[in-house]
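Engineer: coords please:
(one chain, ligands or ions: 2)
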Amino acid sequence: MENSAIKIGFITVSDRASRGEYEDLGGPAMQEWIAKALTSEWQPVARVIEDEQTLIESTLKELADQEGCCLILTTGGTGPAKRDVTPEATEAVCDKILDGFAEQMRAVSLQYVPTAILSRQIAGIRGESLIINLPGKPSAIGECLEAVFPAVPYCVDLIDGPYLETDESFVKAFRPKHAKKKA
Ligand SMILES: Nc1ncnc2c1ncn2[C@@H]1O[C@H](COP(=O)(O)OP(=O)(O)OP(=O)(O)O)[C@@H](O)[C@H]1O
Ligand SMILES: Nc1nc2c(c(=O)[nH]1)N[C@H]1C(S)=C(S)[C@@H](COP(=O)(O)O)O[C@H]1N2
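Structural biologist: Ligands and ions are numbered 1, 2, ... in the order given. Below you'll find the model as predicted:
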């Protein structure tokens, strides 16, 4: 895939942010983190939507299948409350679930807050897109991404996505030797 076409999806799942009852800080926080992490050129595709499973599923499909985002980050709707259904929607649209991402994000998050165990966040693959759920608290975004992002570029390689390059002073991507592009 041509690197000039790198698209990253950002979905804020929040009833109140989608209704304008508070400013969405999650979407911008995800974009700012990715802007620091990637040196490859990329463009954002951002959405702010309600906690509705069918809407979350259709938005994930749109960003994966029509927009061609190689990475889609969601924030919000991962908890135990009735309207928290982001993991269910993610699971419904994914071909494969990558349990290790969620295990690692929760383990690291527990160092920040004991309620980290309340997040049911998952990650998975739909076609050529990697989808990662993040909790709704804007501060959780960096805490979780820092924990798993080193594995993201190689994961995207493995699903035939673009070669993502990172700023090593911010986050160092790990790729096996054979998968590294020659400088
Ligand atoms: N997108 C966001 N922008 C700013 N703050 C947020 C956002 N999402 C969540 N928060 C903050 O984190 C807290 C916990 O988020 P949580 O996802 O539990 O909200 P919620 O109770 O599901 O309601 P809603 O879906 O309306 O955001 C919120 O009360 C809010 O202060
Ligand atoms: N790193 C991190 N993880 C976190 C949190 C946090 O503040 N930081 N909040 C927890 C809380 S309080 C909840 S209820 C769950 C689910 O949040 P969500 O429904 O907003 O996705 O994420 C948890 N995971």
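Engineer: how about the residue in the chain positioned nearest to ligand 2: what's its closest non-neighbour residue?
Structural biologist: Here the residue of the chain nearest ligand 2 is Gly136; by CB to the nearest ligand atom that distance is 2.5 Å. Bear in mind the C-beta positions are built from the backbone N, C-alpha and C, glycine included. Once flanking residues are discounted, Gly136 sits nearest to Gly76: 3.4 Å by CB to CB, 6 or more residues apart in numbering.
Engineer: show me what contacts that neighbour?
Structural biologist: By CB atoms under 8 Å, 6 or more residues apart in numbering, the residues touching Gly76 are Thr12, Val13, Ser14, Ala17, Gly26, Asp51, Thr86, Leu134, Pro135, Gly136.
Engineer: same deal with Ile6?
Structural biologist: So, once contact is read as CB under 8 Å, 6+ apart, Ile6 ends up touching Ser40, Glu41, Trp42, Gln43, Cys70, Pro162, Leu164.
Engineer: just Glu146 next, same as before
Structural biologist: Taking CB under 8 Å, 6+ apart, we find Glu146 in contact with Val108, Val171.
Engineer: what about stretch 49-68, near ligand 2?
Structural biologist: No - shown here: stretch 49-68 not in contact with ligand 2 (CB under 6 Å from any ligand atom), separated by at least 8.7 Å.
Engineer: flag every buried residue along stretch 78-85.
Structural biologist: Within stretch 78-85, the residues that count as buried by 16 or more other CB atoms under 10 Å are Thr78, Gly79, Asp84, Val85.
Engineer: from Val108, how far off is the second one?
Structural biologist: The spacing between Gly79 and Val108, counted by CB to CB, to the nearest Å, is 17 Å.
Engineer: in three-state terms, label the residue nearest the centre of the chain for me.
Structural biologist: Geometric centre of the chain, nearest residue: Leu73, 2.3 Å, by CA atoms, centre = their mean. Under the three-state scheme (DSSP: H, G, I helix; E, B strand; the rest coil), Leu73 adopts strand.
Engineer: correct me, but Glu143 touches Ser109?
Structural biologist: Yes - counting by CB atoms under 8 Å, Glu143 sits close enough to Ser109 to count as a contact (5.7 Å).
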